[in-house]
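Visitor: Fold the stuff below for me.
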Amino acid sequence: MNDVTALFYDLANRLHSGEASRSVADLVLAAFHGDDGLDTVLAGGPAPRPPAERDATAAGSADVFLESIQVTGFRGIGATATLQLQPRAGLTLVIGRNGSGKSSFAEAAELALTDDSMRWAQRPVVFREGWRNLHQGDDAEIIVRLRLDGDAPPVTIQRRWERRATDPSDAAMTTFIGTAAQPAGRLPAWLGRVDLYRPFLSARDLERVITAKPAELYDALAPILGLAPLAAADLRLQRRRKERDDRVKALKASFTELRALLAEIDDDRARRAVKALGGQAWLLRLELETALDRYWSRVRPEIAAVHAQRPKLLMLAAFAGPDLARRVSYLWWALSRAGHHHRYELGITFGELARLRAELVAVTELLRSYPTTAPAEVPVTADE
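Guide: Next comes the predicted model:
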């Protein structure tokens, strides 16, 4: 079981053993799975299965150790210099006075292995542009030698820049397994994880452990701890919630605008409409009918041309299924009843109206995303 799948099962166990409802758990797990899975659950579909298992050997499980870093013409290092290390487990401290090349070796190793430098990302662009040593006019080169645990042959990563190269990405990269050069583009599988398990921590990185804000520490530690899928799931849920909040706000704005327009009309019918709209239920029903018309326009335009709403509601079960048809029909009935209540009856409460509005947003999303396939045997004419 890979790390992502193990995290999925741990999340599922925590959700199901806690106080989260089944619908909430399905939403969170779907968001973990991805955008498609989340859209499926929001549309009333089943919760997704756990992420597919990846080949355990794809990412590799070898223990890899730095043996040496050889640098020429890069950052603060001009003539060829080599930092020799002990290729074994543990923490190695590189100590030296300012300007002795500590950071240059660290950046060289990171650039050679990951094709980038985290330190550069935190500095102005001019800092990145100064990657080449000004006192070294010949070709620049970085050679990183690594040892694998066991009897595996050593691995050497070489990046070389011609004298005319101006950007770090212009390097020619060669990988050696033992003494054999590998074809271009063929890299050890474990090299893809070096950006998470960086071989060097600069003084800036160590300082951040003490001075960084909690959010910054989380951003730094989450990829290492394998929590990135949780952050991605949280972002997906936030986006979907914002989309639905925006639709509710737009609906309220439309209601206010409609009332303002009707209030400007000197007509008894307009005044009665303003009075009827006072409970908002009519506007919500209008929004539902609009969503229903959009659905029929996609599926069967001839049904959308029918003026009456009841035929559209009755035929929905044959096209969108009985469950969605029941939800839409009940919502239309509830909104109609709320709009038609008499003075001697209790009006709809704010809580009931909020629940109807939430249901409206949900069924509108279902109607919008429902497949357009429909049974061909159902005859429909605009005269109905």
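
Visitor: So, low pLDDT: which residues of the stretch 101-250 of the chain?
Guide: 121-122, 192-193, 195-206, 208-209, 220, 223-225 (pLDDT under 70).

Visitor: Doesn't Pro183 lie inside a helix?
Guide: No - per DSSP: H, G, I helix; E, B strand; the rest coil, Pro183 lies outside any helix segment and is coil.

Visitor: need the longest helix for the protein.
Guide: Counting by DSSP state H, the longest helix found in the chain is helix 228-263.

Visitor: Surely Ala281 touches Gly339?
Guide: Yes - applying Cβ atoms under 8 Å as the test, Ala281 and Gly339 come out as touching, 4.1 Å apart. (Glycine included, C-beta is placed from N, CA and C.)

Visitor: who has more neighbours, those two?
Guide: More crowded of Ala281 and Gly339, by other Cβ atoms under 10 Å: Ala281, with 24 against 18.

Visitor: Give the burial count for the spatially closest residue to the more buried one that is not a sequence neighbour, as a bare number.
Guide: Leaving out its chain neighbours, the residue that sits closest to Ala281 by Cβ to Cβ, 6 or more residues apart in numbering is Ala338, at 3.7 Å. Applying the criterion other Cβ under 10 Å, we find 20 residues in the vicinity of Ala338.

Visitor: list the helices and strands the helix or strand containing Ala338 packs on?
Guide: Using DSSP states H and E, the element containing Ala338 is helix 322-339. Helix 322-339 sits against helix 281-299, helix 309-320, helix 350-369, with contacts defined as 3 or more Cβ pairs under 8 Å, 6 or more residues apart in numbering; DSSP states H and E.

Visitor: Nearest approach to Asp167 belongs to which of the ones you listed?
Guide: Asp167 sits nearest to helix 350-369 of all the helices and strands packed on helix 322-339, at 44.7 Å, using Cβ to Cβ.

Visitor: now that closest one against helix 322-339, angle please.
Guide: On the basis of axes from the mean of the first three to the mean of the last three Cα atoms, to 10 degrees, helix 350-369 is oriented at 140 degrees to helix 322-339.

Visitor: Give the buried residues for helix 350-369.
Guide: Leu353, Leu356, Arg357, Glu359, Leu360, Val361, Ala362, Val363, Thr364, Glu365, Leu366, Leu367 (16 or more other Cβ atoms under 10 Å).

Visitor: okay, that helix in CSV with CA atoms only?
Guide: Taking Å, rounded to 0.1, in the frame of the first residue of the first chain, the C-alpha atoms of helix 350-369 are listed here in CSV:
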residue,chain,number,x,y,z
PHE,A,350,-36.2,31.7,8.0
GLY,A,351,-34.8,28.3,8.8
GLU,A,352,-37.2,26.6,6.5
LEU,A,353,-36.5,29.1,3.8
ALA,A,354,-32.7,28.5,4.2
ARG,A,355,-33.2,24.8,3.9
LEU,A,356,-35.3,25.2,0.7
ARG,A,357,-32.6,27.6,-0.7
ALA,A,358,-29.9,25.0,0.0
GLU,A,359,-32.0,22.3,-1.7
LEU,A,360,-32.5,24.6,-4.6
VAL,A,361,-28.7,25.0,-5.0
ALA,A,362,-28.2,21.2,-4.8
VAL,A,363,-30.9,20.2,-7.3
THR,A,364,-29.8,23.1,-9.7
GLU,A,365,-26.3,21.6,-9.7
LEU,A,366,-27.7,18.1,-10.3
LEU,A,367,-29.8,19.3,-13.2
ARG,A,368,-26.9,21.2,-14.7
SER,A,369,-24.5,18.2,-14.5
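
Visitor: Residues contacting it, please?
Guide: Contact with helix 350-369 is made by 39, 42-44, 244, 247-248, 251, 279-281, 284, 287-288, 291-292, 294-295, 320, 324, 327-328, 331, 334-335, 338, 348, as judged by Cβ atoms under 8 Å, 6 or more residues apart in numbering.

Visitor: Would you mind writing the PyMOL command to select the buried ones in those residues?
Guide: To isolate the buried ones among the contacts of helix 350-369 in PyMOL, judged by 16+ other Cβ under 10 Å, type:
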select buried, resi 42+43+44+244+247+251+279+280+281+284+287+288+291+292+295+320+324+327+328+331+334+335+338+348
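
Visitor: Helix or strand next in line after the helix or strand where Asp39 lies, which one?
Guide: Applying DSSP H and E as the criterion places Asp39 in helix 35-42. Sequence-wise, the next helix or strand downstream of helix 35-42 (DSSP H and E) is strand 64-72.

Visitor: Outside of that following strand itself, list whatever touches it.
Guide: Contacts of strand 64-72 (Cβ under 8 Å, 6+ apart): 77-85, 87-89, 101, 104-105, 108-109, 112, 136, 138-149, 154-155, 190, 199.

Visitor: Please convert the buried members of the residues you listed into ChimeraX selection syntax.
Guide: In ChimeraX syntax, the buried subset of the contacts of strand 64-72 is picked out as below (16+ other Cβ under 10 Å):
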select :77,78,81,83,85,87,101,104,105,108,109,112,136,140,141,142,143,144,145,146,147,148,155,190,199
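
Visitor: mind listing which of the contacts of strand 64-72 are in helices?
Guide: Using DSSP H, these in helices are Ser104, Phe105, Ala108, Ala109, Ala112.

Visitor: Neighbours of Ala308, how many?
Guide: Neighbours of Ala308 (other Cβ under 10 Å): 9.

Visitor: Now do the phi/psi pair for it.
Guide: phi -70, psi 150 (degrees, to the nearest 10).
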